[in-house]
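Engineer: Fold the following.
(one chain, ligands or ions: 1)
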Amino acid sequence: MKRDSILILLWWVTICSKFEMVLTAEHKIQGASCHRLQESMLSSASSFKNYRGILNWCVVMLVLSNARLFLENILRNGILVDPIQVVSLFLKDPYSWPAACLVIVSNIFILVALYTERKLAMGSISEKVGLLIYIFNLTIILCFPMVVVLKLPSITPVGGAYALGVYTILFLKLYSYKDVNRWCRERTQAKARSLSRSLSYDMRIYIYYFVFAPTLCYELNFPRSESIRMGFLLRRLFEMTYFISNVLSIVFQWMVPIIRSSMKPLQEMDYSRMTERLLRLAVPNHLIWLIFFYWFFHSSMNFVAELLRFGDREFYRDWWNSETITYFWQNWNIPVHKWCLRHFYKPLLRRGAGKLLSQSAVFFASAFFHEYLVSVPLRMFRLWAFMGMMAQLPLAWFVARFLRGNYGNAAVWLSLIIGQPIAVLMYVHDYYVTHCQDDPTIAEAL
Ligand SMILES: CC(C)(COP(=O)(O)OP(=O)(O)OC[C@H]1O[C@@H](n2cnc3c(N)ncnc32)[C@H](O)[C@@H]1OP(=O)(O)O)[C@@H](O)C(=O)NCCC(=O)NCCS
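Structural biologist: Next up, the predicted model:
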């Protein structure tokens with residue numbers, strides 16, 4: 001019995017040692033191939049692309065550093081946001097609303113366009129007469145609010161900019177209305193005539209639908225969504241109120257103190273301090289621009305589109321990935337870009353103008369409107385906005401020629417982050433010199 005157990009034990013030990021030998025051999029084989037040809041994850045040659053954790057780290061760092069800035073700002077300045085000052089941005093006198101009156105008056109120009117179009121469709125006036133009426137109407141749309149804003153002392157710069165913004169949008173819309181109706185008449189003259197007679201009441205409603213729709217390009221049949229989604233609408237409404245209050249807080253609490261402290265270095269031409277103030281201003285300015293982008297192109301436009309069941313919601317594309325300046329202008333403001341292509345750029349190309357000339361003409365027109373929207377409300381003509389827009393052409397050439405990929409993307413971001421505050425400081429400085437220097441109360445406030 002004892003001998004049997006010893007034999008079984010020996011047999012078991014032999015089996016186990018053989019098994020271990022097999023395992024060790026396998027381990028040795030595996031251990032032999034623990035290295036392979038591969039790149040480090042952070043090397044650009046590796047195919048690794050998941051930077052989600054690093055993005056989260058950036059957000060955490062951003063929140064922490066901004067929390068510190070926020071606290072420092074409150075401790076240094078106290079609360080600077082004052083509701084009365086916010087209202088005074090729009091109104092000088094609570095009983096006088098000139099900007100709102102100007103917007104109401106704009107209905108006259110819409111009705112002139114509508115009745116011209118009806119007469120043209122019915123053949124009561126010739127194409128030439130129609131064109132003359134349109135030229136007159138569109139010229140007055142740009143000149144009338146400009147004269148009112150320049151001459152009426154009760155209108156504030158912000159109120160003036162708002163009214164001129166509305167008139168500029170109306171100008172672009174009615175220009176598109178004119179072109180599209182002419183194209184339709186040219187295509188099917190007889191059909192358009194009968195359509196205009198039977199749908200004259202609809203035409204009136206439709207032009208107002210177009211005026212309020214979030215597009216600058218007219219169409220006879222806009223794509224429509226099936227219904228209004230209440231949840232979506234309320235979310236956009238909440239964003240609109242939340243972000244506009246954010247912008248006002250950043251302006252009063254963050255930007256105004258920096259601008260005030262920039263006046264002296266600007267007057268003394270102290271370049272090192274000017275650069276320091278410029279870089280300080282760049283952060284809140286850029287933040288406001290980003291918030292404005294989301295507020296206007298996402299929240300507000302989607303809100304209006306949802307309310308009107310307007311189906312085409314492509315108000316912007318991925319401009320943040322721009323590796324060239326050209327890509328940025330093609331994608332950041334789709335309504336304006338679409339209008340430029342359809343009513344200005346392509347017609348110029350079709351008439352035989354070269355690509356560079358057509359692009360320059362579009363940027364020239366855009367520069368004119370940027371200057372118009374800034375200079376007239378501020379009541380001073382300095383051309384900073386005009387030059388900023390025209391500078392986009394050589395900048396686009398430079399970035400496309402010398403920078404690629406991430407470098408190109410960084411150049412686009414840098415032009416946005418640094419370019420805008422330079423223009424802001426220039427205008428604020430000039431506004432101070434022209435309007436406030438002789439006024440001791442304002443000069444003291446600044
Ligand atoms: C000037 C501008 C319109 C050029 O746009 P772009 O897209 O770079 O122009 P492209 O040369 O690539 O051509 C665009 C279109 O014209 C067409 N095109 C090009 N050459 C053409 C020609 N000789 N004849 C007819 N069509 C032509 C292209 O096929 C293309 O058509 P698609 O849109 O149907 O694809 C654009 O940069 C722009 O919108 N700039 C102003 C933006 C602005 O001021 N925004 C204000 C925001 S606040």
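Engineer: Check the average confidence over the host helix or strand of Asp179, would you?
Structural biologist: Per DSSP states H and E, Asp179 falls inside helix 157-187. On average, the pLDDT along helix 157-187 is 94.
Engineer: go on, stretch 89-108?
Structural biologist: 90.
Engineer: Quick check: residues of the stretch 201-350 of the chain near the ligand?
Structural biologist: Selection of the stretch 201-350 of the chain residues close to the ligand by Cβ under 6 Å from any ligand atom yields Thr326, Trp329, Gln330, Asn333, Val336, His337, Cys340, Leu341, Tyr345, Lys346, Leu349, Arg350. No exception for glycine: its C-beta is placed from N, CA and C like everyone else's.
Engineer: Among those residues, which one sits closest to Cys101?
Structural biologist: Val336 (26.7 Å; Cβ to Cβ).
Engineer: Double-check that that closest one belongs to a helix.
Structural biologist: Yes - using DSSP: H, G, I helix; E, B strand; the rest coil, the assignment for Val336 is a helix.
Engineer: pLDDT value on it, please?
Structural biologist: 97.
Engineer: burial measure for the closest residue to Val148 other than its chain neighbours, as a count.
Structural biologist: Leaving aside its chain neighbours, Val148 sits nearest to Leu102 (5.9 Å; criterion: Cβ to Cβ, 6 or more residues apart in numbering). Per other Cβ atoms under 10 Å, the neighbour tally for Leu102 reads 22.
Engineer: Tell me where the stretch 251-400 of the chain is predicted with low confidence.
Structural biologist: Within the stretch 251-400 of the chain, not a single segment meets pLDDT under 70.
Engineer: Leaving out chain neighbours, which residue sits closest to whichever residue of the stretch 301-446 of the chain sits closest to the ligand?
Structural biologist: Nearest residue of the stretch 301-446 of the chain to the ligand: Ser366, at 3.1 Å (Cβ to the nearest ligand atom). Excluding its sequence neighbours, the residue lying closest to Ser366 (Cβ to Cβ, 6+ apart) is Met389, at 5.5 Å.
Engineer: For that neighbour, which three-state class applies?
Structural biologist: helix.
Engineer: what's near enough to touch it?
Structural biologist: Phe363, Ser366, Ala367, His370, Glu371 (Cβ atoms under 8 Å, 6 or more residues apart in numbering).
Engineer: ok, back up a step: in this structure the residue of the stretch 301-446 of the chain closest to the ligand contacts Phe344, no?
Structural biologist: No - using Cβ atoms under 8 Å, Ser366 is not in contact with Phe344; the gap is 9.5 Å.
Engineer: what's the neighbour count on the residue of the stretch 1-150 of the chain found nearest the ligand?
Structural biologist: At 16.7 Å from the ligand, Leu142 is the closest residue in the stretch 1-150 of the chain, using Cβ to the nearest ligand atom. A count of neighbours around Leu142, defined by other Cβ under 10 Å, yields 17.
Engineer: cool, Ser124 as well?
Structural biologist: Neighbours around Ser124, by other Cβ under 10 Å: 10.
Engineer: wait, is it part of a strand?
Structural biologist: No - read with three-state DSSP, Ser124 is coil and lies in no strand.
Engineer: Need the pLDDT of it.
Structural biologist: 91.
Engineer: contacting residues around it?
Structural biologist: Ser124 neighbours (Cβ under 8 Å, 6+ apart): none.
Engineer: Next up, phi/psi of it, please.
Structural biologist: In terms of degrees, to the nearest 10, the main-chain angles of Ser124 are phi -70, psi -30.
Engineer: Could you measure from it over to Ile110?
Structural biologist: As judged by Cβ to Cβ, to the nearest Å, Ser124 and Ile110 stand 19 Å apart.
Engineer: same check, this time on Gln392
Structural biologist: From Gln392 to Ile110 the distance is 32 Å (Cβ to Cβ).
Engineer: helices and strands around the helix or strand that Ile141 is a member of, which ones?
Structural biologist: Here Ile141, judged by DSSP H and E, is contained in helix 127-151. Counting contacts by 3 or more Cβ pairs under 8 Å, 6 or more residues apart in numbering; DSSP states H and E, helix 127-151 packs against helix 98-105, helix 107-122, helix 157-187, helix 355-378.
Engineer: and of those helices, who's closest to Val147?
Structural biologist: Nearest to Val147, of the helices and strands packed on helix 127-151 and by Cβ to Cβ, is helix 355-378 at 9.4 Å.
Engineer: And the helices in the stretch 151-300 of the chain, which stretches?
Structural biologist: 157-187, 189-198, 200-212, 230-250, 256-268, 271-293 (DSSP state H, counting those that start in this stretch).
Engineer: Please name whichever of these is nearest to Ala45.
Structural biologist: Per Cβ to Cβ, nearest to Ala45 of these: helix 271-293, 32.9 Å.
Engineer: Only the buried residues of the closest one, if you could.
Structural biologist: Applying a neighbour-count criterion of 16 or more other Cβ atoms under 10 Å, one finds 274, 277-278, 280-288, 291 buried in helix 271-293.
Engineer: Stretch 346-354 now?
Structural biologist: Leu348.
Engineer: and what of stretch 215-234?
Structural biologist: For stretch 215-234, by 16+ other Cβ under 10 Å, it's Thr215, Leu216, Cys217, Tyr218, Phe222.
Engineer: quick one, helices of the stretch 301-446 of the chain?
Structural biologist: So, for the stretch 301-446 of the chain - with DSSP H, counting those that start in this stretch - the helices run 301-308, 325-331, 334-340, 346-350, 355-378, 384-390, 392-402, 405-431, 440-445.
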